[in-house]
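A.B. asks: How does the following fold in three dimensions:
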Amino acid sequence: MKQYLLAVLLLFLTFSKISGQTANASKRVIKVDYNKSDGKMNTMFKECIGAGRANEGLRADWQQQLAMAKKECDFKYIRMHGLLTDDMAVYREDSKGNPEYNYQYIDALYDFLISIKMKPFVELGFMPNALASGSQTIFWWKGNVTPPKDYNKWGDLIKNLTQHFTERYGSEEVKTWYFEVWNEPNLSPGFWTGTQAEYFKLYEYAAKAIKSVNPDYKVGGPATAGAGWVPETIDFCAKNNVPLDFISTHTYGVSQGYLDEYGSTGTVLNKDDSSVSGDVINSGKQIANSAKPNLELHYTEWSSSYTPADPIHDSYHSAAYILQKLKQVGNAPNSMSYWVFTDIFEEPGPRFTPFHGGFGLLNTQGIKKPAYFSYYLMNKLGETELKNTDTSSWVTKNSKGDVQVLFWDSTYTLPEKDVNNQAYYIKDLLSKPKGEVKIEVEGLQKGKYNLEIYKVGYKVNDAYTDYLAMGKPSQLNREQLKSIKQKVNGEPISTEKVTIDASGKYSRSYKINENDVVFFNFVKQ
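C.D. replies: Residues are numbered from 1 along each chain as shown. So this is what the prediction gives:
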């Protein structure tokens with residue numbers, strides 16, 4: 001009997017040891033050395049940000065929100081639709097058919113952008129009604145999506161506008177801008193009623209008009225949906241000696257659907273780990289294998305979903321999703337412009353509730369969504385990246401001796417069967433534990449540090465879950481608005497004193513839940 005019990009005990013101990021080794025082996029470790037650099041931190045994530053349409057940029061609340069986002073996230077460029085649409089009062093013709101140009105609204109908008117040290121990523125569209133060949137429009141604000149009735153007049157408009165920019169802001173400033181021709185012409189007849197050949201003609205007239213003002217100005221396209229037309233655009237420009245300085249295109253992380261400003265088809269977040277990033281990397285390869293292998297690549301729209309009626313945009317899941325996709329694309333793009341910075345966005349018309357699945361990092365009242373804090377925290381990273389094999393983190397340092405560790409969990413939680421984003425992400429979604437992440441930093445400078453710990457996740461900087469707890473009011477009163485904004489302030493959840501001895505080592509395990517985002521900021525004293 002004793003031998004039997006001894007055998008069972010040995011078996012138990014052996015199993016426990018193996019289990020413990022397995023658990024330890026699968027434990028996530030982020031191990032870096034302060035002295036092992038991986039070069040300058042790539043900040044393509046904040047090169048550009050999207051906005052709905054130009055006319056919305058004349059609103060005081062829109063401008064206030066952008067100024068805050070610039071200050072806290074440091075976006076460099078902004079891209080928006082509708083610069084040439086009639087609500088911007090750019091173009092008309094007199095009784096004899098002679099063009100008349102007016103840029104007062106554009107000036108007011110661009111003067112503001114320059115004043116907060118941002119630059120326009122100039123999207124040339126849509127067609128002024130007086131110049132259009134047809135009457136088909138898109139969106140509540142009726143952007144005309146037909147080709148010009150006269151391509152020479154189209155070219156003259158673009159040349160005159162470019163000359164105006166040069167006179168107002170100077171050629172040295174405008175040289176730093178990007179001119180992008182149209183938006184998603186491959187979604188026909190949604191954004192463009194013409195053919196691919198007609199788009200290339202539109203592009204050619206615009207590109208040559210811009211270059212006629214200054215050959216150093218940058219022009220590109222095709223600004224397509226779904227990473228389309230990249231080889232075709234390069235081939236057309238190469239064969240026809242048409243200027244092309246960069247490729248721009250778009251991608252979204254859902255696995256079904258089409259142009260859908262109302263979210264009525266029911267979107268489903270793509271489970272494929274390479275969604276979004278796969279498109280970006282492939283576009284880079286297409287350029288590298290083309291007749292113009294040195295072109296810049298700008299993804300001028302990207303997000304988890306292409307509809308401004310998708311609750312994933314409001315969910316805490318978006319914060320980790322954004323970081324995971326940006327980490328995956330690596331150095332392939334020159335910029336990844338998130339679509340968009342604010343829910344002041346009226347493609348389907350003005351929205352009637354504070355949270356409605358809008359694209360924005362901020363809601364209409366300026367409440368910071370979890371997605372906002374992804375960019376807020378990325379902007380706190382240092383200028384030098386450290387070598388790091390973990391695929392869901394960045395570790396950086398700055399010239400002051402500070403160290404930053406941004407890490408997250410990215411877990412796909414959408415149920416498999418017949419559940420779309422619109423039915424799932426509207427719920428109070430409890431986040432399950434995902435174990436511990438061990439942080440190991442070597443080579444630190446000896447001394448004292450303040451360790452600031454920031455977090456985004458379920459019920460932490462999670463405005464939508466706070467909104468659900470209020471009973472989803474159709475309108476927020478002042479007290480409710482103040483309450484949510486106070487909770488989602490982005491401040492550290494804790495601050496600790498850390499002393500690094502002569503060994504230069506720091507080690508810490510941190511419990512993490514599904515889709516948590518955590519930021520350690522070691523500030524040298």
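A.B. asks: Return the residues in contact with K201.
C.D. replies: Contact analysis of K201 by CB atoms under 8 Å, 6 or more residues apart in numbering lists P147, Y151. Every residue, glycine included, has its C-beta placed from N, CA and C.
A.B. asks: mind checking how far it is from F236?
C.D. replies: Noted for K201: a distance of 10 Å to F236, by CB to CB, to the nearest Å.
A.B. asks: N450 now?
C.D. replies: Distance from N450 to F236, by CB to CB: 56 Å.
A.B. asks: Compare those two and say which one has the larger neighbour count.
C.D. replies: Shown here are N450 and F236; by other CB atoms under 10 Å, F236 has more neighbours (20 against 15).
A.B. asks: The more buried one contacts P243, correct?
C.D. replies: No. With contact defined as CB atoms under 8 Å, F236 does not reach P243; the gap is 11.7 Å.
A.B. asks: Bridged to the closest residue in space to P128 that isn't next to it in sequence, which residues?
C.D. replies: In space, P128 comes closest to Y91 once its chain neighbours are excluded; the distance is 3.7 Å by CB to CB, 6 or more residues apart in numbering. In this entry, Y91 is beta-bridged to Y101, by DSSP bridges.
A.B. asks: Check what pLDDT Y91 gets.
C.D. replies: Looking at Y91, its pLDDT reads 98.
A.B. asks: so what's it up against?
C.D. replies: Contacts for Y91 (CB under 8 Å, 6+ apart) come out as L84, P99, E100, Y101, N102, P128, A130, L131, L157.
A.B. asks: Quick check on those residues: which are buried?
C.D. replies: L84, P99, P128, A130, L131, L157 (16 or more other CB atoms under 10 Å).
A.B. asks: Secondary structure class of D111, three-state.
C.D. replies: At D111 the chain is in helix, as set by DSSP: H, G, I helix; E, B strand; the rest coil.
A.B. asks: ok, it to G57 distance?
C.D. replies: For D111, the distance to G57 - CB to CB - is 11 Å.
A.B. asks: Comparing the two, which shows the higher neighbour count?
C.D. replies: Just comparing D111 and G57: by other CB under 10 Å the higher neighbour count belongs to G57, 26 against 11.
A.B. asks: Now that that one has come up, it's in contact with Q65, right?
C.D. replies: No. Counting by CB under 8 Å, G57 does not reach Q65; the two are 10.5 Å apart.
A.B. asks: L297: how many residues sit nearby?
C.D. replies: That count, for L297 with other CB under 10 Å as the rule, works out to 23.
A.B. asks: Who are the contact partners of it?
C.D. replies: By CB under 8 Å, 6+ apart, L297 lies in contact with F246, I247, S248, V280, S283, G284, I287, A332, P333, N334.
A.B. asks: ok, now how distant is it from T249?
C.D. replies: Distance from L297 to T249, by CB to CB: 8 Å.
A.B. asks: Mutual contacts of these two, please.
C.D. replies: Joint contacts of L297 and T249 (CB under 8 Å, 6+ apart) are S283.
A.B. asks: For the stretch 251-400 of the chain, just list every one of the strands.
C.D. replies: All strands of the stretch 251-400 of the chain, identified by DSSP state E, counting those that start in this stretch, fall at 296-303, 335-338, 384-386, 393-397.
A.B. asks: would a markdown table of those strands with distance to D428 and mean pLDDT be doable?
C.D. replies: Listed next are the strands of the stretch 251-400 of the chain as a markdown table, based on distance: least, CB to CB, whole Å; pLDDT from 0 to 100:
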| stretch | distance to D428 | mean pLDDT |
| --- | --- | --- |
| strand 296-303 | 23 | 98 |
| strand 335-338 | 25 | 98 |
| strand 384-386 | 37 | 98 |
| strand 393-397 | 28 | 98 |
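A.B. asks: Among the contacts of L297, which ones are in helices?
C.D. replies: Among the contacts of L297, the residues falling in helices (DSSP state H) are V280, S283, G284, I287.
A.B. asks: Lowest mean pLDDT among the helices and strands of the chain, which one is it?
C.D. replies: helix 2-26 (a mean of 40; mean pLDDT, DSSP states H and E).
A.B. asks: For the next helix or strand after that one, list every residue counted as buried.
C.D. replies: Beyond helix 2-26 on the C-terminal side, the first helix or strand identified by DSSP states H and E is strand 28-33. Residues of strand 28-33 classed as buried by neighbour count (16+ other CB under 10 Å): R28, I30, V32, D33.
A.B. asks: what's the average pLDDT for strand 28-33?
C.D. replies: 97.
A.B. asks: what's the answer for stretch 243-257, then?
C.D. replies: pLDDT averaged over stretch 243-257 gives 92.
A.B. asks: Check stretch 172-179 too.
C.D. replies: 98.
A.B. asks: end-to-end on it?
C.D. replies: 15 Å (CA to CA, to the nearest Å).
A.B. asks: do stretch 465-478 as well
C.D. replies: 18 Å.
A.B. asks: what does that stretch rub up against?
C.D. replies: Stretch 465-478 is contacted by residues 316, 352-355, 365, 427-429, 458-459, 480, 483-484, 487-488 when judged by CB under 8 Å, 6+ apart.
A.B. asks: Same check on stretch 489-507?
C.D. replies: Counting by CB under 8 Å, 6+ apart, 34, 72, 368, 373, 376, 438-455, 460-461, 521-522 sit against stretch 489-507.
A.B. asks: switch to 6 Å and redo it
C.D. replies: Applying CB atoms under 6 Å, 6 or more residues apart in numbering, the set of residues contacting stretch 489-507 from outside is 373, 376, 440-444, 446, 448-449, 451-455.
A.B. asks: do the same with stretch 147-166
C.D. replies: Residues contacting stretch 147-166 (CB under 6 Å, 6+ apart): 91, 101, 103, 131, 133, 174, 194, 198, 205-206, 209-210, 212-213.
A.B. asks: For P128, which residues are in contact?
C.D. replies: L84, V90, Y91.
A.B. asks: Can you lay out the residues you listed as a markdown table showing distance to E496?
C.D. replies: As requested, the contacts of P128 are exported to a markdown table (distance: CB to CB, whole Å):
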| residue | distance to E496 |
| --- | --- |
| L84 | 54 |
| V90 | 55 |
| Y91 | 60 |
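A.B. asks: S304: which of the contacts of Y91 is nearest?
C.D. replies: Comparing these against S304 with CB to CB places L84 closest, at 29.3 Å.
A.B. asks: Got the confidence number for the closest one?
C.D. replies: Per-residue confidence (pLDDT) for L84: 98.
A.B. asks: Can you name the residues that contact it?
C.D. replies: Shown in contact with L84 (CB under 6 Å, 6+ apart): V90, P128.
A.B. asks: Does it fall in a helix, a strand, or a coil region?
C.D. replies: Secondary structure of L84, reduced to three states by three-state DSSP: coil.
A.B. asks: Sitting in helices, which of the contacts of stretch 465-478 do you find?
C.D. replies: Q480, S483, I484, K487.
A.B. asks: Buried subset of the residues you listed as a ChimeraX selection?
C.D. replies: In ChimeraX, this line selects whichever of the ones in helices among the contacts of stretch 465-478 come out buried by 16+ other CB under 10 Å:
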select :480,484
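A.B. asks: With pLDDT and distance to K119 as extra columns, can I get the ones in helices among the contacts of stretch 465-478 in a markdown table?
C.D. replies: Output for the ones in helices among the contacts of stretch 465-478, formatted as a markdown table (pLDDT from 0 to 100; distance: CB to CB, whole Å):
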| residue | pLDDT | distance to K119 |
| --- | --- | --- |
| Q480 | 97 | 36 |
| S483 | 97 | 36 |
| I484 | 98 | 32 |
| K487 | 96 | 34 |
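A.B. asks: May I have the secondary structure class of G504?
C.D. replies: Recorded secondary structure, G504: coil (three-state DSSP).
A.B. asks: That one: how many residues sit nearby?
C.D. replies: Residues within reach of G504, counting by other CB under 10 Å, total 15.
A.B. asks: any idea how far it lies from Q525?
C.D. replies: From G504 to Q525 the distance is 16 Å (CB to CB).
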